[in-house]
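Visitor: output the structure for:
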Amino acid sequence: MKMTLYHKSSGSSLLVVVSTMSILIGVVAIVAHYTTTVSRSVQRTNTMEQALTTADATIETLFTNWRTICRVAPTTPLATSSFLGVIPVPTASQLPTLPGATNFAKAGTSFTTNDEYDSAYTISNVKVVAVDATLSSLSSADVAPVPAVGQSQTGTASTTSATYNYIASADVTLPTLGGNTVAKVRRVFSKQQLSPWNFAIFYNDPLEIHPGPQFTVTGWVHTNSSLYTGHNTLWFADKVTYAADWTIGFMPGDAQHPETPTSPHWPANLRPTQGQEQQPFGLDASSIFGGSGSSSDSYHQLIEPPVAGSTDPLANSRFWNQANVAIKVDASNNVTIGTPNSNGTITAFDSSDPLYQMFSSAISTNQTIQDNREGANVRLVTLDVSKIENNTSGLSATYKSSSFNGIVYIYDSSASSSARRGVRLLNGSKIPSTGLTVASQNPVYIQGDFNTGGSPPSDASSSDPTQPQVSGYNRASCSILTDAVDILSNSWNDANSFAGTSSRVASNTTVNAAIISGNVPTASVGGDGSYSGGAENFPRFLEDWSHATLTYYGSMVELYKSQQSIGEWGKANVYSPPTRQWYFDNNFKTTPPPGSLMIYSYVKGRWSVL
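Guide: Sure, this is the predicted structure:
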């Protein structure tokens, strides 16, 4: 009886053991299957990450080469055909995570290489394709993209702004267990062109703004370098961007501001932010003439005559080339008025030419003033703006010749460090509706009200900054492009320039014009602690403005260092600052001054994985 029970007990134990072993084998099998699945999943995930990294690296190569090709002809939107078979994909050394990659093709084709799994991996569909404003394909590879105007870039492509879109693609196929992993990456490339006249203040170099009394900037502000703001009297009313860094403080080398810096003000949710570098002409300054030329800062070439016999990358942007009237004064005060040629010479007009008759009576020479900031006498050539117009007694003036394109280049070619020269604009209160642009490699002195129609309410004793022109006059789009701009008030007298500041007492004056000019950088002369004067002193002064107001509507653009007006800010017996009523002129967003000037940025936009 006991034996029977024993055998039954042994059988039960064996059954338990067999069952347990079966369960364990099942668990091991499940675990092994799970481990294999997880391993394959991890491998596929890692492979996908590798494929995405490779595709992204390819897109980066496409962007660098696409941007280089676009910069060759920045003013021309390029079709897809401009990039096909030209842009290389990354080399094997640039993709070290891909085993055995040796054969690479040009963008627009594909290649295949075998790895140690004897399975092909491929980088294909590598290309940059022009698209329309909705990012849809164009009808042909030879069709250039049409502009898409961004919401923050008012105006049209022909005036102040445009964005041209392209889609870059790269497909990467990598082998993995159980098949291939494919990553299809797409990214939007945008070439954005924008007139600098869209900005209240645009600096290519470091931008310092250190006002005394409250100073409100009513438009966009941008610097391609660093921004320095150290006073709470500064108020930004619109967006502010900087390409390098922003310091609530003062620029290294500035010994003129020993005070403790304070933060400026800005609109809620519109704090100054780092932004994209905006390149004038679509060219880096160091690439113009290889960083050489007649000036040490290549963007200064914008306002210089071209040099005969040299390749000119700025031929389409140089204002000498854009003007249809050039006026040259030589060392003996001989005046040549004619057509500017691409080699820097002038073909003189015949005396019967309407353009000659228009300007010949408006030019006077050999007038000298004392510029105390420069510490030198400056010989001036004066353009009397009223004498190139008809209807000077009314508000709707017209130019004496309809063939004038609104752009005049005027300069004294005898300027040197020992012979200081300048250009004066006089009687410019009325400008025809088609606008006026004056360019010069010399400094320009604007004397009296400019583009106001007469004596505006802003000049009254109870100055009204909202009325910078007389009733019935619509201010025209004007620009002054020069080495430096000095504003002389309505009370300026040449003879008083040789006396002390107390004899140079300014009166209320209004100027409505955009300015491109240079500056003298902080501590640029011998590291002596000098200050540039900041944006608050971008237009320069030579009078006692302590009881006067300067009303200014315009756009201030700094692109280069001054080459002729190199006197430092902060000297004694130069000026006392005005009450500043300065406003960005929103008219420039839709109606720019005569002439074409664009800044460009190349942006990598949104991307997607298919």
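Visitor: from here on, just use CA atoms for contacts and neighbour counts.
Guide: OK.
Visitor: tell me which stretches of the protein form helices.
Guide: For the chain, the helices defined by DSSP state H occupy 2-72, 319-322, 354-360.
Visitor: which residues does the closest residue to residue 78 other than its chain neighbours contact?
Guide: Leaving out its chain neighbours, the residue that sits closest to residue 78 by CA to CA, 6 or more residues apart in numbering is residue 144, at 5.4 Å. Residue 144 makes contact with 77-80, 130, according to CA atoms under 8 Å, 6 or more residues apart in numbering.
Visitor: how about the strands in the stretch 501-610 of the chain?
Guide: Per DSSP state E, counting those that start in this stretch, the stretch 501-610 of the chain carries strands over the ranges 509-512, 514-519, 549-554, 556-561, 579-584, 599-609.
Visitor: need the ones you listed in CSV with distance to residue 59 and mean pLDDT, can you?
Guide: CSV is the format used below for the strands of the stretch 501-610 of the chain (distance: least, CA to CA, whole Å; pLDDT from 0 to 100):
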stretch, distance to residue 59, mean pLDDT
strand 509-512, 46, 98
strand 514-519, 37, 97
strand 549-554, 41, 98
strand 556-561, 32, 96
strand 579-584, 39, 96
strand 599-609, 10, 85
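Visitor: what residues of stretch 372-381 count as buried?
Guide: Residues of stretch 372-381 classed as buried under the neighbour-count rule (16 or more other CA atoms under 10 Å) are 372-374, 377-381.
Visitor: okay, those residues in JSON lines with pLDDT and distance to residue 416 next?
Guide: Conversion of these to JSON lines gives the following (pLDDT from 0 to 100; distance: CA to CA, whole Å):
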{"residue": "372", "pLDDT": "96", "distance to residue 416": "17"}
{"residue": "373", "pLDDT": "97", "distance to residue 416": "17"}
{"residue": "374", "pLDDT": "97", "distance to residue 416": "13"}
{"residue": "377", "pLDDT": "98", "distance to residue 416": "12"}
{"residue": "378", "pLDDT": "98", "distance to residue 416": "11"}
{"residue": "379", "pLDDT": "98", "distance to residue 416": "11"}
{"residue": "380", "pLDDT": "98", "distance to residue 416": "14"}
{"residue": "381", "pLDDT": "98", "distance to residue 416": "15"}
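Visitor: of the residues you listed, closest to residue 309?
Guide: Within these, proximity to residue 309 (CA to CA) peaks at residue 381, which comes in at 28.7 Å.
Visitor: ok, the closest one to residue 328 distance?
Guide: Distance of residue 381 to residue 328, given as CA to CA, to the nearest Å: 9 Å.
Visitor: which residues do those two both contact?
Guide: By the contact definition CA under 8 Å, 6+ apart, residue 381 and residue 328 are jointly contacted by 411-412.
Visitor: so where's the stretch 301-450 of the chain uncertain?
Guide: Scanning the stretch 301-450 of the chain for pLDDT under 70 picks out the ranges 392.
Visitor: stretch 530-550: end-to-end distance?
Guide: The first and last residues of stretch 530-550 sit 25 Å apart, counting by CA to CA.
Visitor: try stretch 527-535
Guide: Stretch 527-535 has an end-to-end distance of 20 Å (CA to CA).
Visitor: how about stretch 300-316?
Guide: Using CA to CA, one end of stretch 300-316 lies 15 Å from the other.
Visitor: same thing with stretch 388-404?
Guide: 10 Å.
Visitor: what comes up buried for that stretch?
Guide: For stretch 388-404, the neighbour count (16+ other CA under 10 Å) marks 388-390, 392, 395-401, 404 as buried.
Visitor: quick check: the two most widely separated of these?
Guide: Distances among these were taken as CA to CA; the most separated pair is 395 and 404, at 19.4 Å.
Visitor: list the contacts of the nearest residue to residue 355 once chain neighbours are set aside.
Guide: Once flanking residues are discounted, residue 355 sits nearest to residue 401: 6.2 Å by CA to CA, 6+ apart. Each residue near residue 401 by CA under 8 Å, 6+ apart is listed here: 354-355, 358.
Visitor: restrict stretch 572-592 to CA atoms and write it as CSV.
Guide: Provided in CSV are the C-alpha atoms of stretch 572-592 (Å, rounded to 0.1, in the frame of the first residue of the first chain):
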residue,chain,number,x,y,z
ALA,A,572,35.3,120.2,-27.2
ASN,A,573,33.9,123.1,-29.1
VAL,A,574,32.0,121.0,-31.6
TYR,A,575,28.3,120.9,-30.7
SER,A,576,25.7,120.6,-28.1
PRO,A,577,23.0,117.9,-28.8
PRO,A,578,19.5,118.7,-30.0
THR,A,579,16.2,117.6,-28.6
ARG,A,580,15.8,114.5,-30.9
GLN,A,581,12.4,113.8,-32.4
TRP,A,582,13.5,110.8,-34.6
TYR,A,583,11.1,108.5,-36.3
PHE,A,584,11.3,105.7,-38.8
ASP,A,585,9.5,106.7,-42.0
ASN,A,586,7.1,103.8,-42.7
ASN,A,587,6.8,105.1,-46.3
PHE,A,588,10.1,103.4,-47.1
LYS,A,589,8.5,100.0,-46.7
THR,A,590,6.4,100.5,-49.9
THR,A,591,8.1,103.4,-51.7
PRO,A,592,11.9,103.3,-51.5
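Visitor: outside of it, which residues touch it?
Guide: Stretch 572-592 has contacts (CA under 8 Å, 6+ apart) with 154-156, 159-160, 197-200, 215-219, 372-373, 465, 477-478, 500-501, 541-555.
Visitor: what about residue 457, distance to residue 428?
Guide: For residue 457, the distance to residue 428 (CA to CA) stands at 17 Å.
Visitor: what's the answer for residue 491, then?
Guide: Counting by CA to CA, the gap from residue 491 to residue 428 is 15 Å.
Visitor: more neighbours: the two, which one.
Guide: residue 428 (21 against 14; other CA atoms under 10 Å).
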